[in-house]
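Trainee: Build me a model from this:
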Amino acid sequence: MKSKILKGKSAKLLLYPLLISLTAVSVTGYSFGAGTNTQISSKEPISFISSSNKSISIDETLELIKKVPIVDSNLKKLVKNNSLASLKKLGYYKENFKDKNLNSRSALIHFQSNHNMNPTGKWDKKTTDAVLKKLIAPDLSPSDKVSDIPSEGLWLTINKSKNLLTLYKGGKLVKKYPVAVGNPSTLTPSGKFTIVNKIVNPAWGGGGYAKPVNGGSPYNPLGYRWMGLSLKGGSSYGIHGTTDPYSIGTYASHGCIRMFNFDVESLFPQIPMHTKVYIGTAEELAKWGILQEEVTV
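Mentor: Just a heads-up that it's a prediction; the model follows:
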């Protein structure tokens with residue numbers, strides 16, 4: 001019976017509110033159109049269903065899903081089998097690249113980063129659970145805790161444990177971005193730094209193993225933006241773009257912090273000179289009073 005529900009047309013999914021109502025409680029759910037994984041129409045493949053007018057809290061809804069195994073299992077399978085549709089519904093899918101697979105991966109790792117998850121690009125159980133929670137509770141977001149605020153203005157953290165860059169304003173979270181740090185991660189230095197230079201279309205010197213590349217070239221591994229850190233003069237370590245977008249979310253650099261070009265170009269104009277940048281593992285950031293825990297309900 002379960003497989004027939006999953007494989008049937010979307011109209012059959014209206015059975016889910018009925019299944020839930022048998023428990024004498026009403027919930028809100030989502031119905032997915034036909035299709036699996038990336039073979040999904042971009043035209044709103046998910047529709048909103050309300051099983052009754054009764055209002056219950058998000059906590060009660062999620063608790064109910066946990067208590068009703070058949071609904072819990074089927075909803076998770078629907079989310080997993082319609083992963084791209086889920087991300088489109090949540091607004092994460094953007095056509096920034098000609099490569100559709102890269103667009104899908106970018107959507108997934110941005111979702112993972114926004115929820116303080118390691119942006120692996122893998123659709124695992126933890127990701128499925130997080131997406132399901134987000135579909136049920138769109139306002140759900142990480143509650144970063146900063147007990148020692150270094151600036152009332154904008155400042156940044158780089159979490160080397162999670163390949164995660166976070167922009168704060170005072171103690172308030174502004175935005176999160178997936179990044180790539182050193183391979184191994186120790187190549188990216190831990191410490192408290194500042195931004196000492198900002199360069200549009202930086203030239204690349206070759207790193208001692210390749211030919212230099214002019215600034216603005218599509219082959220420049222630094223991309224189109226550079227924000228240098230107060231370490232070795234600001235020219236050795238920095239936050240920059242990349243010619244290898246598939247490396248974002250991995251441990252891949254020689255010590256710098258890589259971002260998608262569109263992300264760093266968005267971040268660049270917001271960051272003043274001398275902005276503070278805290279770089280460390282999750283444990284190191286915690287010692288400095290910065291907790292970036294995954295979303296839980």
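Trainee: For Gly216, which non-adjacent residue is spatially closest?
Mentor: Excluding its sequence neighbours, the residue lying closest to Gly216 (CB to CB, 6 or more residues apart in numbering) is Asn201, at 4.0 Å. To be clear about C-beta, it is placed using only N, CA and C from the backbone, and glycine gets the same treatment.
Trainee: which residues touch the one you found?
Mentor: Gly215, Gly216, Asn220, Tyr224 (CB atoms under 8 Å, 6 or more residues apart in numbering).
Trainee: How about Trp204?
Mentor: Going by CB under 8 Å, 6+ apart, the list of residues near Trp204 reads Pro212, Val213, Gly215, Asn220, Pro221, Leu222.
Trainee: how about a markdown table for these, with distance to Met117 added?
Mentor: Listed next are the contacts of Trp204 as a markdown table, based on distance: CB to CB, whole Å:
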| residue | distance to Met117 |
| --- | --- |
| Pro212 | 37 |
| Val213 | 34 |
| Gly215 | 34 |
| Asn220 | 30 |
| Pro221 | 27 |
| Leu222 | 27 |
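Trainee: quick one: which of the residues you listed has the most company?
Mentor: Leu222 (24 neighbours; other CB atoms under 10 Å).
Trainee: mind checking how far it is from Asn114?
Mentor: Distance of Leu222 to Asn114, computed by CB to CB, to the nearest Å: 25 Å.
Trainee: which residues in the stretch 51-200 of the chain form helices?
Mentor: For the stretch 51-200 of the chain, applying DSSP state H, counting those that start in this stretch gives helices covering 58-67, 69-81, 83-89, 100-114, 125-136.
Trainee: Need the per-residue pLDDT for the residue lying closest to Ile109 once chain neighbours are set aside.
Mentor: Leaving aside its chain neighbours, Ile109 sits nearest to Pro119 (3.6 Å; criterion: CB to CB, 6+ apart). Note on Pro119: pLDDT of 97.
Trainee: Also Lys125?
Mentor: Model confidence at Lys125, expressed as pLDDT, equals 89.
Trainee: now swap in Glu265 and tell me
Mentor: pLDDT, Glu265: 98.
Trainee: Highest mean neighbour count out of the helices of the stretch 51-200 of the chain?
Mentor: Comparing the helices of the stretch 51-200 of the chain by mean neighbour count (mean count of other CB atoms under 10 Å), helix 83-89 ranks first with a mean of 24.
Trainee: With just CA atoms, put that one into PDB.
Mentor: What follows is helix 83-89, C-alpha atoms only, in PDB (Å, rounded to 0.1, in the frame of the first residue of the first chain):
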ATOM      1  CA  SER A  83      14.700  16.900  -3.500                       C
ATOM      2  CA  LEU A  84      14.900  19.500  -6.200                       C
ATOM      3  CA  ALA A  85      11.200  20.300  -6.000                       C
ATOM      4  CA  SER A  86      11.700  20.900  -2.200                       C
ATOM      5  CA  LEU A  87      14.600  23.300  -2.700                       C
ATOM      6  CA  LYS A  88      12.700  25.200  -5.400                       C
ATOM      7  CA  LYS A  89       9.700  25.500  -3.100                       C
END
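Trainee: and it, what does it pack onto?
Mentor: Counting contacts by 3 or more CB pairs under 8 Å, 6 or more residues apart in numbering; DSSP states H and E, helix 83-89 packs against strand 28-32, strand 46-50, helix 100-114, helix 125-136.
Trainee: just to revisit the earlier point, how close does the residue nearest to Gly216 sit to Tyr177?
Mentor: 20 Å.
Trainee: picking up where we left off before, of the contacts of Asn201, closest to Glu294?
Mentor: Closest approach to Glu294 among these (CB to CB): Tyr224, at 31.9 Å.
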